[in-house]
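A.B. asks: quick one: sequence and predicted model below, then my questions.
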Amino acid sequence: MVFYLVGLGLGDEKDVTIRGFEAIKSCDKIFLESYTSILGIDKEKLEAFYDKSITIADREMVESKAEDIYEPALGENNNVALLVVGDPVCATTHTDIMIRAKEYGCKVQVIHNSSVMGAIGSCGLQLYNFGQTVSIPFFEENWRPTSFYPKIKYNRGGGMHTLCLLDIKVKEPNFEQLMKGRTEYLPPRFMSVNECCEQLMEAESRHSEKCYDPKTSLCVGLARLGQDSQKIVAGTMEELVSEDFGLPLHSFIICGKCHELELEMIKEFLMEGSKYVFED
């Protein structure tokens with residue numbers, strides 16, 4: 001039958017489209033992908049809304065056992081759905097699953113929904129003024145990559161804004177315990193705007209190419225986009241590093257050259273006492 005990849009949007013169980021809801025109701029097996037993002041509600045609320053049992057597809061399943069997700073769709077009367085927070089085509093993880101499912105012989109259908117890639121427009125910045133999107137990984141003691149830096153520099157050089165997607169760590173293995181023969185996982189970690197600012201400032205300090213100025217460059221921190229508790233605050237990196245954005249998920253924007261209409265909207269979100277200077 002059909003392997004559906006259904007976008008859930010960004011808010012709660014009611015954000016699913018009518019088409020997505022009907023597809024889910026037709027399915028015999030339903031998986032919720034919990035590796036690349038998280039929804040603002042728990043699995044039980046989704047199950048109650050759909051009146052269906054849902055299996056969590058964690059990192060191990062998505063990376064190593066993806067065939068367990070789409071293989072049942074080969075059955076003559078079996079529909080299968082993989083529920084994805086946001087839109088199914090915004091992460092390479094889901095594109096890979098689609099390709100593999102098609103190669104396996106499954107009929108694949110994608111049902112779209114809102115995602116952070118569009119919702120960032122809530123802050124007033126125009127989507128067509130964005131350049132390359134970058135990912136900001138957690139820095140570790142002996143691993144502090146800054147491959148995002150030249151991409152931000154390229155965007156800023158062309159006057160374009162940069163969306164920074166912040167790292168999440170879910171079901172990461174505890175290597176110390178693995179060495180002792182035990183399988184344990186570290187607690188989930190979700191990068192905050194504050195941690196992102198700290199790492200971006202460190203990257204600028206290390207490269208010193210004046211890609212952005214933590215004291216003067218306009219930035220925007222965003223949290224829980226699409227949810228009732230959504231929070232958007234604009235300011236400089238040095239200002240936003242101490243702002244409390246609350247619960248995850250967070251994202252971050254480094255502004256390029258702003259149009260006057262963009263600036264008018266941004267002023268609504270400028271943090272109180274900000275020293276950012278708007279050009280006349």
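C.D. replies: Happy to help now that I have it. Numbers count the residues shown, from 1 in each chain.

A.B. asks: strands of the chain, start to end?
C.D. replies: 2-7, 29-33, 55-57, 80-84, 107-111, 134-136, 162-166, 168-169, 189-190, 219-223, 231-235, 250-254 (DSSP state E).

A.B. asks: so which of these comes closest to residue 272?
C.D. replies: Evaluated over the strands of the chain, closeness to residue 272 peaks at strand 231-235, with 9.4 Å, by Cβ to Cβ. Placement of C-beta: from N, CA and C, glycine included.

A.B. asks: which residues touch the closest one?
C.D. replies: 122-123, 218-224, 240, 243, 245-246, 266, 269-271, 274, 276 (Cβ atoms under 8 Å, 6 or more residues apart in numbering).

A.B. asks: report pLDDT for residue 245.
C.D. replies: pLDDT for residue 245: 98.

A.B. asks: over to residue 61?
C.D. replies: pLDDT, residue 61: 90.

A.B. asks: also the one 5 residues further on?
C.D. replies: The model reports residue 66 with a pLDDT of 90.

A.B. asks: quick one: contacts for it?
C.D. replies: Contacts of residue 66 (Cβ under 8 Å, 6+ apart): 96, 97, 100.

A.B. asks: out of the residues you listed, which are buried?
C.D. replies: Buried members of those, scored by 16 or more other Cβ atoms under 10 Å, are residue 97.

A.B. asks: export the contacts of residue 66 to TSV and tack on distance to residue 88 and pLDDT?
C.D. replies: Below are these laid out as TSV (distance: Cβ to Cβ, whole Å; pLDDT from 0 to 100):
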residue	distance to residue 88	pLDDT
96	12	93
97	9	94
100	14	93
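
A.B. asks: of the contacts of residue 66, closest to residue 209?
C.D. replies: Comparing these against residue 209 with Cβ to Cβ places residue 96 closest, at 33.6 Å.

A.B. asks: once you drop chain neighbours, what's closest to the closest one?
C.D. replies: For residue 96, ignoring the flanking residues on the chain, the nearest one in space by Cβ to Cβ, 6 or more residues apart in numbering is residue 66 at 7.8 Å.

A.B. asks: tell me how far the one you found lies from residue 118.
C.D. replies: Counting by Cβ to Cβ, to the nearest Å, the gap from residue 66 to residue 118 is 27 Å.

A.B. asks: next, the buried residues of stretch 104-124.
C.D. replies: Using 16+ other Cβ under 10 Å as the test for burial, stretch 104-124 gives 106, 108-120, 123-124.

A.B. asks: repeat that for stretch 267-274.
C.D. replies: Of all the residues in stretch 267-274, those buried under the rule 16+ other Cβ under 10 Å are 269, 270, 271, 274.

A.B. asks: understood, closing this out.
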